[in-house]
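Visitor: Let me see the structure of the following:
(chains A and B)
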Amino acid sequence: MPDRLTREEVERIAALASLELTPEEIDTFVPQLAEILEYARLVQQIDTTGVPPTSHGLAAAPVDREDEPRPSLDRDEAIAAAPDGAPHAGLFRVPRVIG
Amino acid sequence: MAGSDLYTVSDVEAALAAGTSATAVVDASLAAIAAGDGALHAFNHVARDAAAARAAALDAASARGPLHGVPFAVKDNICTRGIATTASSRILKDYVPPYDATVIARLTAAGAVMVGKTNCDEFAMGSSTENSAFGPSRNPWDPERTPGGSSGGSAVAVAAGFVPFALGSETGGSVRQPAALCGLVGLKPTYGRVSRYGLLAFGSSLDQISPLAWTVRDTAAVMTVIAGHDPADATSSSEPVPDYTAALDGRLGGTRIGVPRHLLREGVDGELLALFDEAIERMRAAGAQVTDIELPHARYAIPVYYLVATAEASSNLARYDGVRYGHRSRRADTLRHMYDRTRDEGFGAEVKRRIMLGTYVLSAGYYDAYYLKAQQVRTLIRRDYDRAFALVDAVALPTTPTPAFRLGEKVNDPLQMYLEDVFTVSANLSGLPALSVPCGLTRGRLPVGLQLMGRMFDEAALLRIGDAYERERGPMPRPARR
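Guide: Residues are numbered from 1 along each chain as shown, chains lettered A, B, ... in the order given. Model (predicted):
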């Protein structure tokens, strides 16, 4: 693991996160993210051998509901919130997929 | 509400019992907002027509729910059918949900009337409301200062006397901190106590919808309505819900309160610490047993929180891609560009920073060193509390390290802003309930909060202790009208 976050790494992460950042945004984020990660490395000081990870604050296992059909959102109404919806066709329109 | 002396839920109950109509109560709330919100920006949208129609329907009905005619405000990241829900983000600027969150349905069924949606940090990411795409909210105690965040608008709506209670959401202190900075009561319920259905997800293992009000009694009345199992949220608990107001017997005798003194040695404002100590002494004088406790892993809570919360956020916010709702970039001729440009145009700087951090700590090569490690330390933080609760009934800390800071003071220093949450994030990481109760004003007339953390699903004990403290403390002043 490198000691310091690099610009290339920030660009790689932005691509993974589907964010087209401007060069100015990348300039700002490189030192800020590096500083936060440096601080976060505090956790690496602790010996956690044999400690199980906690992924949620639940007191008990999640409760499943009965798998029975019940009324749900109206399809047309759900699609109506889309920036380019085609409610009557039951579709969302998007730009071409292959560039 | 301003001009009508209907500040609390109890005030509204008394007015209605004396023959005032729900319409008159809701009109007073709307009038107070119209007169005062221009200077404070509590609200992103005021649902004037919907609120008036609802009040008229209540006046025409014969049945009365437990919150009949009580106006309330809702953080703008909780879905309201037919009323814009933006999370204070450009990416959802025009989003109108086709459904109500479960808490909205429950409060409406109890007779409460939603009057509007409150400003917050974008997607609840921040501690000052300065990350809102629509500009910050201002603290009614001093408009040059932040009301706190991320549920700052909800705190302002109550503290300015616009509504007797409001809903916010908590991921790391986003209700307790603004409650403390605005002189209000805020309760972060046990994880799973209140349904998250209809809350725009930020950190799904941490998020809880949380009420703010003037008094512990009002908070208990709201909790009694919103708590409970919901089939639409698999993480909501089936644990029975008591009548929380029935627990408020004013007794502190025999209550064991633990204070982790070792966390208060540095980084805490001196005047705030003196007010906290005074609150602890008041509880001791009223019969509580106060002991010093150790929380050895508490100093790791902030780094753990910002690793876990950002990881979850990066995953939850992947859904905002310009396809199904919200903003879509016009500068895109392929699907891939549409995703990337929509998200760059739609999200603000702090949201991007957190998505970037979360993506980084989950990425190949870093997962074990950051994310997995943080989850393990999260276990240790929770174990500290389990040990503490074998000895005490509640853990007391200040809610915040300082009173309200000035707008602009921390907004360009993300790490400093994160440290604002130093005393609050542990409750979210461990799932425990936590209550903030005002414990006085500084010489500069800024409120500060006493925080009490309790056992899982024991909100009743926290509310009992908080209410008993409130009785010992006496009434809190309110901010001057502006």
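Visitor: can you count the residues close to the nearest residue to residue B:375 once chain neighbours are set aside?
Guide: Nearest in space to residue B:375, with sequence neighbours left out and distances taken as Cβ to Cβ, 6 or more residues apart in numbering or on different chains, is residue A:53 at 3.4 Å. (C-beta placed from N, C-alpha, C; glycine too.) As a burial measure, residue A:53 scores 14 neighbours (other Cβ atoms under 10 Å in any protein chain shown).
Visitor: how about residue A:53, secondary structure?
Guide: coil (DSSP: H, G, I helix; E, B strand; the rest coil).
Visitor: Provide a list of residues in contact with it.
Guide: Residue A:53 sits next to B:372, B:375, B:376, B:378, B:379 when contact means Cβ atoms under 8 Å, 6 or more residues apart in numbering or on different chains.
Visitor: Does the spatially closest residue to residue B:5 that is not a sequence neighbour lie in a helix or a strand, and which?
Guide: Nearest residue to residue B:5, sequence neighbours excluded (Cβ to Cβ, 6+ apart): residue B:11, at 6.5 Å. Here residue B:11, judged by DSSP states H and E, is contained in helix B:9-17.
Visitor: So which bits of that helix are buried?
Guide: By 16 or more other Cβ atoms under 10 Å in any protein chain shown, the buried positions in helix B:9-17 come out as B:9, B:10, B:11, B:12, B:13, B:15, B:16.
Visitor: Which of the residues you listed sits closest to residue A:5?
Guide: Using Cβ to Cβ, residue B:9 comes nearest to residue A:5 of the buried residues of helix B:9-17, at 49.3 Å.
Visitor: For that closest one, give me its contacts.
Guide: B:67, B:70, B:164, B:165, B:213, B:217, B:218, B:221, B:222.
Visitor: Do you know the pLDDT at residue 95?
Guide: Let's take chain A. Residue A:95 carries a pLDDT value of 92.
Visitor: not quite, I wanted chain B
Guide: What the model reports for residue B:95 is a pLDDT of 96.
Visitor: gap between the two ends of stretch A:56-68?
Guide: Terminal residues of stretch A:56-68 are spaced 27 Å apart (Cα to Cα, to the nearest Å).
Visitor: With adjacent residues omitted, what lies nearest to the residue nearest to the spatial centre of chain A?
Guide: Central residue of chain A (Cα atoms, centre = their mean): residue A:17, 7.0 Å from the mean position. Excluding its sequence neighbours, the residue lying closest to residue A:17 (Cβ to Cβ, 6+ apart) is residue B:359, at 4.3 Å.
Visitor: just checking, next helix/strand downstream of the helix or strand hosting the one you found?
Guide: Using DSSP H and E, residue B:359 sits in helix B:349-362. Downstream of helix B:349-362, the next assigned helix or strand under DSSP H and E is helix B:373-391.
Visitor: Show me what that next one is packed up against.
Guide: Using 3 or more Cβ pairs under 8 Å, 6 or more residues apart in numbering or on different chains; DSSP states H and E, the elements in contact with helix B:373-391 are strand B:256-259, helix B:301-316, strand B:394-398, helix B:425-430.
Visitor: Pairing partners for the shortest one, with directions?
Guide: So that's strand B:256-259. The pairing partners recorded for strand B:256-259 under DSSP bridges are strand B:289-292 (parallel), strand B:394-398 (parallel).
Visitor: Rebuild the contacts of residue B:9 as TSV, extending it with secondary structure and distance to residue B:93.
Guide: Output for the contacts of residue B:9, formatted as TSV (DSSP: H, G, I helix; E, B strand; the rest coil; distance: Cβ to Cβ, whole Å):
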residue	secondary structure	distance to residue B:93
B:67	coil	31
B:70	coil	30
B:164	coil	29
B:165	strand	27
B:213	strand	30
B:217	helix	38
B:218	helix	33
B:221	helix	34
B:222	helix	29
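Visitor: are any of those residues buried, and which?
Guide: Applying 16+ other Cβ under 10 Å to those flags B:67, B:70, B:164, B:165, B:213, B:217, B:218, B:221, B:222 as buried.
Visitor: Out of those residues, which are close to chain A?
Guide: The subset of these within reach of chain A, by Cβ under 8 Å from any Cβ of the partner chain, is empty.
Visitor: now, which of those sits nearest residue B:436?
Guide: residue B:213 (11.3 Å).
Visitor: Quick check: closest non-adjacent residue to that closest one.
Guide: Per Cβ to Cβ, 6+ apart, closest to residue B:213 is residue B:165, 4.1 Å.
Visitor: again, but for residue B:131
Guide: Distance criterion Cβ to Cβ, 6+ apart; nearest residue to residue B:131, sequence neighbours excluded, is residue B:121 at 3.9 Å.
Visitor: what sits against the one you found?
Guide: B:88, B:127, B:128, B:129, B:130, B:131, B:132, B:149, B:150, B:152, B:174, B:350.
Visitor: Narrow those residues to those in helices?
Guide: Secondary structure from DSSP state H places B:152, B:350 of these in helices.
Visitor: possible to save the contacts of residue B:121 as TSV with neighbour count and pLDDT?
Guide: As requested, the contacts of residue B:121 are arranged in TSV below (neighbours: other Cβ atoms under 10 Å in any protein chain shown; pLDDT from 0 to 100):
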residue	neighbour count	pLDDT
B:88	32	98
B:127	29	97
B:128	30	97
B:129	33	98
B:130	22	98
B:131	25	98
B:132	26	98
B:149	33	97
B:150	35	98
B:152	36	98
B:174	35	98
B:350	19	97
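Visitor: now, which of the contacts of residue B:121 sits nearest chain A?
Guide: The closest of the contacts of residue B:121 to chain A turns out to be residue B:350 (Cβ to the nearest Cβ; 10.2 Å).
Visitor: residues contacting the closest residue to that closest one other than its chain neighbours?
Guide: Leaving aside its sequence neighbours, residue B:350 sits nearest to residue B:131 (Cβ to Cβ, 6+ apart; 4.4 Å). Listed by Cβ under 8 Å, 6+ apart, the contact set of residue B:131 reads B:88, B:121, B:122, B:125, B:149, B:150, B:348, B:349, B:350, B:351, B:411.
Visitor: Run through the residues of the stretch 151-300 of chain B sitting next to chain A.
Guide: B:190-192, B:204-206, B:229, B:231, B:234-239, B:297, B:299-300.
Visitor: Of those, which qualify as buried by neighbour count?
Guide: B:190-192, B:204-206, B:229, B:235-237, B:239, B:297, B:300.
Visitor: related to what we said a few turns ago, make TSV out of the buried residues of helix B:9-17 and add pLDDT.
Guide: Listed next are the buried residues of helix B:9-17 as TSV, based on pLDDT from 0 to 100:
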residue	pLDDT
B:9	97
B:10	95
B:11	95
B:12	97
B:13	96
B:15	96
B:16	95
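Visitor: Nearest to residue B:467 among those?
Guide: Within the buried residues of helix B:9-17, the smallest distance to residue B:467 is 12.6 Å, found for residue B:10 (Cβ to Cβ).
Visitor: how close does the closest one sit to chain A?
Guide: Remark: distance between residue B:10 and chain A (Cβ to the nearest Cβ, to the nearest Å) = 32 Å.
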